[in-house]
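> how would this look folded up:
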Amino acid sequence: MKIDKSMITLFASPVIAIGVCIAIYVLVPQRTDFEIEQPEFLNYVDQLSLYSSHIDETRPDPYIKDVFHKHALETEPVVVSLIVKSPNRSYSIINGKKMAVGDRSCSFRLSAIHKDSITITYANGSKETFHVKPY
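Numbering: from 1, shown residues only. So this is what the prediction gives:
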């Protein structure tokens, strides 16, 4: 019986591939579970609420808005509905009220109107800018 060389090459490549797979399985070390390490700075972020809950009330910094402090959430929320900016007349609808630059609410004053944002100043002197998505 004569064996054709083309038949040997046809069956040789799968046999070689299976042999390579078995060799890799035997030689490569077993896979271990991957655990994500927490970056060091996240430990500091987790501790922010602990440090900010012990704020010295006698010396508040007017330029830092502490979102963890219990009094930070007592002010009314600011909802900007509309901004009209023109050279001779600019106003904004904030919390359902028409306000121009210099107008006051119970907890803030409108200090600037821009094309797509407004800046308000709170009673403690801190400023906050609210951006409005133009349509």
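> What sits closest to residue 128 if chain neighbours are left out?
Spatial nearest neighbour of residue 128, excluding adjacent residues (Cβ to Cβ, 6 or more residues apart in numbering): residue 120 at 5.7 Å. C-beta coordinates here come from the backbone N, C-alpha and C atoms, glycine included.
> So in terms of bridging, what pairs with that neighbour?
Using DSSP bridges, the bridge partners assigned to residue 120 are residue 110, residue 128.
> you'd agree it is up against residue 110?
Yes. Counting by Cβ atoms under 8 Å, residue 110 is a contact partner of residue 120 at 5.7 Å.
> okay, and the common contacts of these two?
Common contacts of residue 120 and residue 110, defined by Cβ atoms under 8 Å, 6 or more residues apart in numbering, comprise residue 94.
> Residue 119 versus residue 131, what's the distance?
10 Å (Cβ to Cβ, to the nearest Å).
> so where do the helices sit in the chain?
Shown for the chain, the helices assigned by DSSP state H span residues 5-27, 40-46, 48-52.
> Among those, show the one with the smallest mean pLDDT.
Least confident of the helices of the chain, judged by mean pLDDT, is helix 48-52 with a mean of 53.
> Neighbour count for residue 131 and residue 119, which is higher?
Between residue 131 and residue 119, counted using other Cβ atoms under 10 Å, residue 119 has the larger neighbour count: 15 against 11.
> so who does the more buried one touch?
110-112, 127-130.
> Return the member of the residues you listed nearest to residue 27.
Closest approach to residue 27 among these (Cβ to Cβ): residue 129, at 60.8 Å.
> Hmm, residue 82 is touching residue 90, no?
No. Shown here, residue 82 and residue 90 do not form a contact pair, counting by Cβ under 8 Å, at 11.4 Å.
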